[in-house]
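next one to model:
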Amino acid sequence: MSAPLGVAVLGTAFMGRAHSSAWRNVGAVFHDVPAVAMRALVGSDPGRTRAAADALGWADASTDWRSVVERDDIDIVDVCTPGHLHAEMAIAALEAGKHVLVEKPLALDQAEAERMVAAAEHASGLAMLGFNYRRVPALALARALIAEGRIGAVRSIRAAYLQDWLVDPDAPMTWRLRAETAGSGALGDLGSHVIDQVRALTGDEVVGVRGALRTFQRERPGPTGPERVSVDDAAWALLDLAGGATASLDVSRVAAGRKNALELEVHGTDGAIGFGLERFNELTVTEGRDGWPARVLVTEAHHPLLEGWWPPGHVLGWDSTFTAQAAELLRAIAAGVQPEPSFADGLAVQRVLDAVARSDAAGGARIELGQTDPGHTDRAETTR
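Below is the predicted model:
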């Protein structure tokens, strides 16, 4: 029996907890994956990191991520830190010969994403991006149905991701509200998921973008007084796809009453598919031009990603996506193949995010995207 793969998670907050749960449970759910050992949790505060490591099942706690990345007993480095740390940490881990998983969005901007892709291309370890919604069984089934042609050629996609945690004007300042640590606001935080789903569901690339950003609350309470918010609260965009379809994007962190509402509708020439994250286990499928929407409960063993879970009808939740994501990386390591999504997928998404921001700065002008290559420069058309 081969030795277990040593894992380190960098980050102790929201995403660090979610990823820790996945590494703790992945072998119990998916019996075909290599064994793992939860070696180290890395945070910024010694006391809080030690307490989190004990609570979450990690052997060691550290505040020195570089020394952890260089340890011989660490095979997988899982980066769950604020966005401005992704590039430095991921590149260092790849250069140390580790397999790397990075939470979305990949980077602060396209230039950083390009450096990360280049590092991944020259690394001995594998690099994977953490778009966990690709591991929602209902969305995996939607992707398969679309690929099979069950709804015909895709014509339009309506995609929204709405949250309300910043509705309150007294909600405190966080790193997510600073451009220097987050890159963007709702656009990168939520819009990256939407853009990745548009690409994954259709298998198509975005070739043109019109966008708009809004920051409704310009200041937030900080420890010593009001602080300036330097990212967007909400974003909108029209995305033109290479195959001729158009996707609308609507993302907000100030949408009252919506806690975590990722909603997708894909309309084709011969049917449609609908999904809402607040009804995680359900997919709505309309087959035929005169068909009626049918509710599919995606909990059967033959549905995607469900072979290791519960009997039919016993529903899953948000946390299961991270367990399936960890399993995907472990299977890829065992097989020596590139896991999905890759850093290149993250670069493709980042190019769209950057184009939305440039379109907003240009008054809504259409930004034309060319091929996804590191040397390409997108341009804004002069017409609106």
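
and the nearest residue to residue 24 once chain neighbours are set aside, how many neighbours does it have?
Nearest residue to residue 24, sequence neighbours excluded (Cβ to Cβ, 6 or more residues apart in numbering): residue 57, at 4.9 Å. C-beta: built from backbone N, CA, C; applies to glycine. Using other Cβ atoms under 10 Å, residue 57 has 13 neighbouring residues.

ok, residue 57 touching residue 20?
Yes. Assessed by Cβ atoms under 8 Å, residue 57 is found in contact with residue 20 at 6.7 Å.

anything in contact with each of these two?
residue 38 (Cβ atoms under 8 Å, 6 or more residues apart in numbering).

residue 177 touches residue 222, doesn't it?
No. Using Cβ under 8 Å, residue 177 makes no contact with residue 222, being 9.8 Å away.

more neighbours: these two, which one.
Taking neighbours as other Cβ under 10 Å, residue 177 and residue 222 compare with residue 177 leading, 25 against 13.

now do the nearest residue to that one once chain neighbours are set aside, the pLDDT please.
Nearest non-adjacent residue to residue 177, counting by Cβ to Cβ, 6+ apart: residue 229, 4.9 Å away. Looking at residue 229, its pLDDT is 98.

what's near enough to touch residue 229?
Per Cβ under 8 Å, 6+ apart, neighbours of residue 229: 173, 177, 178, 185, 215, 217, 218, 219, 220.

show me the strands in the stretch 1-150 of the chain, by range?
Secondary structure of the stretch 1-150 of the chain by DSSP state E, counting those that start in this stretch: the strands cover 5-10, 36-42, 60-62, 76-79, 99-103, 127-130.

give me the sheet partners of the first one and which way each runs.
Strands adjacent to strand 5-10 in the sheet, as given by DSSP bridges, are strand 36-42 (parallel), strand 76-79 (parallel).

and the ones you listed as CSV, adding mean neighbour count, distance to residue 119 and mean pLDDT?
Below are the strands paired with strand 5-10 laid out as CSV (neighbours: other Cβ atoms under 10 Å; distance: least, Cβ to Cβ, whole Å; pLDDT from 0 to 100):
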stretch, mean neighbour count, distance to residue 119, mean pLDDT
strand 36-42, 23, 20, 98
strand 76-79, 28, 13, 98
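
residue most distant from the centroid, the protein?
No residue in the chain sits farther from the centre than residue 290, which is 35.0 Å out by Cα atoms, centre = their mean.

ok, so what distance separates that one from residue 60?
Separation of residue 290 from residue 60 (Cβ to Cβ, to the nearest Å) stands at 61 Å.

close enough to count as contact, residue 360 and residue 213?
Yes. In this structure, residue 360 is within contact of residue 213 by Cβ under 8 Å, at 4.4 Å.

now do the shared contacts for these two.
With Cβ under 8 Å, 6+ apart as the test, residue 360 and residue 213 both reach residue 235.

tell me how many other residues crowd residue 249.
24.

which helices and strands does the helix or strand where it lies pack with?
Secondary structure assigned from DSSP states H and E places residue 249 in strand 246-252. If you count contacts as 3 or more Cβ pairs under 8 Å, 6 or more residues apart in numbering; DSSP states H and E, strand 246-252 packs onto strand 154-162, helix 186-189, helix 191-202, strand 234-241.
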